[in-house]
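Peer 1: predicted coordinates and the sequence they were generated for:
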There are 2 protein chains.
Amino acid sequence: MSVAGPLSGVTVIDMTRVLAGPYCTMVLADLGARVIKVENRAGGDDARQFGPFLKGKSAYFMSLNRGKESIALDLKNAEDRAVFEELLSHADVLVENYRGGTMEKLGYGWEVLHKKHPRLIYASASGFGHSGPYSHRPAYDMVVQGMGGIMSLTGHPGSPPTRVGTSVGDITAGLFTTIGVNAALLHREKTGEGQKVDVAMLDCQIAILENAIARYMATGQIPGPIGARHPSITPFEAYQCADGHIVIAAGNDALWQRLCEALEVPALAKDPRFLTNPQRTEHVGELKAVLEALLVEQSVAEWLEVLEVAGVPCGPINNVEQALTDPHVLSRNMVVSMTDPEVGELRMAGNPIKLSAFPDPTTRAPAPALDGDRAKILAELSARKEPVS
Amino acid sequence: MSVAGPLSGVTVIDMTRVLAGPYCTMVLADLGARVIKVENRAGGDDARQFGPFLKGKSAYFMSLNRGKESIALDLKNAEDRAVFEELLSHADVLVENYRGGTMEKLGYGWEVLHKKHPRLIYASASGFGHSGPYSHRPAYDMVVQGMGGIMSLTGHPGSPPTRVGTSVGDITAGLFTTIGVNAALLHREKTGEGQKVDVAMLDCQIAILENAIARYMATGQIPGPIGARHPSITPFEAYQCADGHIVIAAGNDALWQRLCEALEVPALAKDPRFLTNPQRTEHVGELKAVLEALLVEQSVAEWLEVLEVAGVPCGPINNVEQALTDPHVLSRNMVVSMTDPEVGELRMAGNPIKLSAFPDPTTRAPAPALDGDRAKILAELSARKEPVS
């Protein structure tokens, strides 16, 4: 079921639910790992209940869990615990996204597991991490988007609070956890030693604040929401055209001059208000008015053609349908499909890590039914002739 | 200068500029890699010119390039090319973020480099990747935020276009590239084979659309902007209190009941409009009105205390200053400092990947001056007794 990749031969025991953890193990699976979901017997991964549904199955769950296997275990039952421990003894990586303290209550905290399985890599993606005053608190994406500062930077001045439209709180934690797992696998390959990877969703929000932190630390001024523009590069914004908005990102003086030529207003490039990037940023509102007075005369498509010929970075504001049908996106194999035995074909995002040593398949194996791989997994364990992988 | 980590002993030649590539090599450095920036002689990395400045130095550049080394080389000059090629012969990884085709023009495309350095890992983080119709086009963060769909999901219905307040177009590409580099290092450790990692910023935007893709593929309906709430979980939103907004994320029925008890309106949990998550999502506007009528009576701080005791996931909407002074964020060592010889202390985001086998230092070495490590690097190369690492 696994795809071929640099993690082929790596077995991941996946106790994660909903998004941050399953996103991490999805990326690991896309890189070739075998991922075995260990789900509870009471319905399994919560995301199985998140709509919309196709023939009763969650499209969201199916996308995030493509190509994984599933076994349902009750970790308060002695027999199931024995199966779980047997699975761990053949595994390379354990990933979980419970809140801090839960694994210890189950008797599977890092200290215990490391003693028993010194080569096992233990990765945790939790809301607040395994240390600090909030470590036992629950979190969801939006809680850390609010606490971590990104919501204070997103939206228009004066508008109500604005959440980033996808779950960047979960997804960035999933990505940092994946980086940690891969680095730990490399370390183990060299030393034989397993280690713990502790990633907190809130920490990851701090890690992606980039220029907002630099601006605050350098000036003491608290950055606010910036609408649809860059805080310190101009012109770098969404502008109104006849039939919608266009994004123009002229990141340096040469591109600014090229933009003025393409708009057939070469004199604008010599306007003393707009000569340098700091001056353009100081007069950002005036510049926007001047540019939109020109841009509003033609359509987005017409301007895209003009600016692309001129080599000025620009683009449309696509909705999800437009993004997913863009010929470049399709040519990069960023929309892959899986065929579920009941639902039929479902299309989903592909793997953005393109590797020269491995193919980038256009299809994925379906997501597992709850406990759908029990017989096979138990047979492998009882055979014991060779590791699960 | 490097920190100790799972990538200790790995040498990265870093030709990247601005954000996506430097973010990748910053994470690699935080994991222990030695990173040598190869900059042009005409001012080096563009980000050295991005304000705000401290004693003439960019705070933004210093944050992203902490602990790296710098040598300035003109890759059109034969002598400098010889130095560059000597550097490559001792390196493990090359990272670049030029637009597609630039490395080939310099004579350093993947095919050429792989033939000469079969163990070298070549990683590219570009706007559109190295294949497909747009591969030679320039891109900046906001262009891919617009094209990739995330801007169509961010903001309030009817509001003007809204950019995510940090550069998620660059940062997610940096993270996926880091994952690819680590996976390729693991593969090389096992097989001796280097490979190319090709990551496109636009592809990464598709990869993070998560539930928006699933909703579109399952229903054919194009998702729109959703303000400050989750599209399919309710209550999961920012709500008005007496003195500001609070985020409440009651992700399942048990949390919803707990919320009603904490607000001292247990009857609300039995209201037929709000019994299940699908019903609450259908009546999201009515529910918001009911909740805000209660919440507006007290302050955010008062409600946070009540809801935390009740175990309901919640949080404030922090600005950058509040986020960076939060006691939990500080206890997780998510604000580290470096001491620049001219500027003095500058604080910046820490590393969110906490590893049990390595310390998480509270300081970082400063960012390099342009060409600041030339003498040392050239001496190492001429010594040649051992590899650069």
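Peer 2: Yep, that arrived. Everything quoted here is computed from the prediction, not taken from an experiment.
Peer 1: all contacts plus neighbour counts: C-alpha atoms, from now on.
Peer 2: Fine.
Peer 1: now do the contacts for A:R374.
Peer 2: A:S70, A:I71, A:A72 (Cα atoms under 8 Å, 6 or more residues apart in numbering or on different chains).
Peer 1: so how far is A:L73 from it?
Peer 2: Counting by Cα to Cα, to the nearest Å, the gap from A:R374 to A:L73 is 10 Å.
Peer 1: again, but for A:L255
Peer 2: 59 Å.
Peer 1: which of these two has more neighbours?
Peer 2: A:L73 (22 against 17; other Cα atoms under 10 Å in any protein chain shown).
Peer 1: okay, that one: pLDDT?
Peer 2: Looking at A:L73, its pLDDT is 98.
Peer 1: need the contact list for it.
Peer 2: Contact analysis of A:L73 by Cα under 8 Å, 6+ apart lists A:V38, A:E39, A:N40, A:R41, A:D80, A:R81, A:F84.
Peer 1: identify the residues contacting stretch A:40-58?
Peer 2: Under the contact criterion Cα under 8 Å, 6+ apart, stretch A:40-58 has outside partners A:16-19, A:39, A:59-61, A:72-75, A:342-343, A:370, B:214-215, B:218-219, B:232.
Peer 1: one more time with 7 Å, if that's ok
Peer 2: Stretch A:40-58 has contacts (Cα atoms under 7 Å, 6 or more residues apart in numbering or on different chains) with A:17-18, A:39, A:59-61, A:72-74, A:343, A:370, B:215, B:218.
Peer 1: which among the residues you listed count as buried?
Peer 2: A:R17, A:V18, A:E39, A:A59, A:Y60, A:F61, A:A72, A:L73, A:L370, B:R215, B:A218 (16 or more other Cα atoms under 10 Å in any protein chain shown).
Peer 1: closest one of those to A:P225?
Peer 2: Set against A:P225, the nearest of the buried ones among the contacts of stretch A:40-58 by Cα to Cα is B:R215 (28.2 Å).
Peer 1: could you say which helix or strand holds that closest one?
Peer 2: Element membership of B:R215 [criterion: DSSP states H and E] is helix B:211-219.
Peer 1: could you do A:T339 as well?
Peer 2: strand A:335-340.
Peer 1: what residues of the following helix or strand past that strand count as buried?
Peer 2: Counting by DSSP H and E, the element after strand A:335-340 in chain order, helix or strand, is strand A:344-349. Neighbour counts using 16+ other Cα under 10 Å place A:L346, A:R347, A:M348, A:A349 of strand A:344-349 among the buried residues.
Peer 1: what pairs with strand A:344-349, parallel or antiparallel?
Peer 2: strand A:335-340 (antiparallel) (DSSP bridges).
Peer 1: buried set for stretch A:42-49?
Peer 2: Going by neighbour count (16+ other Cα under 10 Å), the buried part of stretch A:42-49 is A:G44, A:D45, A:D46, A:A47, A:R48, A:Q49.
Peer 1: next one: that stretch to chain centre, how far?
Peer 2: 21 Å (Cα atoms, centre = their mean, to the nearest Å).
Peer 1: show me where the stretch 151-300 of chain A has helices.
Peer 2: Using DSSP state H, counting those that start in this stretch, the helices of the stretch 151-300 of chain A run over residues A:168-191, A:201-207, A:211-219, A:253-262, A:277-282, A:284-295, A:300-310.
Peer 1: give me the mean pLDDT for the second one.
Peer 2: When pLDDT is averaged along helix A:201-207, the result is 98.
Peer 1: could you confirm whether it reaches chain B?
Peer 2: Yes. Applying Cα under 7 Å from any Cα of the partner chain, one finds helix A:201-207 in contact with chain B at A:D203, A:C204, A:I206, A:A207.
Peer 1: show me the contacts for the second one.
Peer 2: Pointing back at A:C204 there. A:T172, A:A173, B:P352.
Peer 1: mean neighbour count, the helices of the stretch 151-300 of chain A: which tops it?
Peer 2: Per residue and on average, the most neighbours among the helices of the stretch 151-300 of chain A fall to helix A:201-207, with a mean of 28 (mean count of other Cα atoms under 10 Å in any protein chain shown).
Peer 1: relative to chain B, which of the buried residues of strand A:344-349 is nearest.
Peer 2: Chain B has its nearest neighbour among these in A:A349, at 5.4 Å by Cα to the nearest Cα.
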